[in-house]
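A.B. asks: need a structure here:
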Amino acid sequence: MVPNSIMMAMFFFGVLATPFTFAAFTTSGHANVPFVSNPSTSVISSRKSSFPLNMVGFAADGSEYSSKDSDYDADDEDGDGEIGRSYKDGVDSPTVELKPVPTSKNSGNRFVAVCWDKELDTEGRDIVKLHHDRVALTEDHIMFCRKTNLYNETFNTDSMVDILWSYPILASDLQRVIGHAMCMESTKLEYVQDLMAREPIIQSLTGGDISNIPLYRWRHIRDYSLRQDDGRFGTPALCLALDHTAEEGVGNLREETANDHLEYLIRSERVIASGPLHLPTEFKDDPSSIAVGNLVLFNAENREDAIDFVENDPAALKGLYRSMRVHFYNNLDVTGKFVAEDDFRDKPGEQMKEAMEVWGYPVSDSDTPWLNW
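C.D. replies: Numbers count the residues shown, from 1 in each chain. As a prediction, the model looks like this:
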């Protein structure tokens, strides 16, 4: 027989060898969406796989758990015929007081910035050069985000923004990163703007000028029925849909389609996160912070599936959106929480964790409980 460890290794590397693809595309409205065909990927993108597409991104859950390791014994050792765990008088068990998880000092307002490299670049670089420069700055970007997130009552207390996620956006040729979307939480808009101006990739693109970067207040819908695991049932995709303006006759379409839009997302059982985008005012209740679009993160099997999903949104069918940009994206672990130790997957992350511990950053869950998303 082949040892279990070898079989696991064969399975893991077999999965790694399985090709997969991402896609990105732009659509306007909902009818007759043109997109450039890519002969090198069209066959792969439509191929059905027996594994989830993103399975190459991780080795199962990094767990070595087996049912044989369970401390549950199906036989009744006491012979009393009772099913379940027995409790006996006189056996001391420690009592642990559960305390509520504190809220982050930066909670209160969520903002989303979307950076399109070619549109922001001030040096006139070609798309290939932009891609390579961005990739070279990925580690700096992750470290910047983690240092921002990791603080406690005594260390790094001047950090005034939590970076909840940062997603590199993929191009339609499936070979390049063309930008990123970043979600930030803070008590003040000015803190978010200051952080964006210091972020390494934005520094490379604009020298710290954020005036041309789309920034929105995001009213994230906190409904568990919308939440699905990222990529477990497909590949994560992002839809940025912007409304027609009042001058273009949008009228009350947003209000009229709101319930149907939400029901459509819930029934799809594929949404990762969603919510309307508003103008980025200082205060939530500012009447000038009107809704200007929707951000939907969802799972799709391939490019055609993603297009079909966003075009059949009732809000799109009724003509609410002026433009819809849809892209597959990658995930970056920017939260600063090192949740697994896996030699196949997390060796670089473990080295980063050790380095940040040496520098004094509070990397354990007990140090920053409010960041345990």
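
A.B. asks: where does the prediction get shaky in the protein?
C.D. replies: Filtered on pLDDT under 70, the chain yields the residue ranges 1-92, 97-101, 228-231, 336-349, 370-373.

A.B. asks: what do you get if the cut-off is 50, keeping everything else the same?
C.D. replies: Applying pLDDT under 50 to the chain flags residues 1-79, 81-87, 373.

A.B. asks: longest helix in it, please.
C.D. replies: Longest helix of the chain, by residue count under DSSP state H: helix 253-268.

A.B. asks: in this protein, which spans are helices?
C.D. replies: Under DSSP H, the chain gives helices at 4-16, 39-46, 117-120, 127-136, 138-149, 189-198, 200-206, 253-268, 303-311, 314-317, 347-359.

A.B. asks: can you give me the buried ones in the fourth one?
C.D. replies: Under the neighbour-count criterion of 16 or more other C-beta atoms under 10 Å, helix 127-136 has L130, H131, D133, R134 buried. The way it works is simple: take the backbone N, C-alpha and C, and place the C-beta from them, glycine included.

A.B. asks: what sits against the residue nearest to the third one when sequence neighbours are not counted?
C.D. replies: Of all residues beyond its chain neighbours, the one nearest D133 is S204 (6.2 Å), with distances taken as C-beta to C-beta, 6 or more residues apart in numbering. Contacts here follow C-beta atoms under 8 Å, 6 or more residues apart in numbering; on that basis S204 touches D133, R134, L137.

A.B. asks: one more time with 10 Å
C.D. replies: By C-beta atoms under 10 Å, 6 or more residues apart in numbering, the residues touching S204 are 117, 120-123, 125, 130, 133-134, 136-137, 140-141.

A.B. asks: over to Y361?
C.D. replies: By C-beta under 10 Å, 6+ apart, Y361 lies in contact with 146-147, 149-152, 155-156, 336, 353, 355, 367-368.

A.B. asks: include distance to L164 and neighbour count when you put the residues you listed into TSV, please.
C.D. replies: Formatted as TSV, these follow (distance: C-beta to C-beta, whole Å; neighbours: other C-beta atoms under 10 Å):
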residue	distance to L164	neighbour count
R146	13	22
K147	15	16
N149	9	22
L150	14	23
Y151	15	24
N152	18	15
F155	20	14
N156	17	15
G336	11	24
K353	20	19
A355	23	12
D367	18	15
T368	14	23
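
A.B. asks: in a markdown table, list those along with distance to A241.
C.D. replies: Compiled in a markdown table, these are given as follows (distance: C-beta to C-beta, whole Å):
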| residue | distance to A241 |
| --- | --- |
| R146 | 31 |
| K147 | 33 |
| N149 | 29 |
| L150 | 34 |
| Y151 | 34 |
| N152 | 38 |
| F155 | 40 |
| N156 | 36 |
| G336 | 31 |
| K353 | 38 |
| A355 | 40 |
| D367 | 39 |
| T368 | 34 |
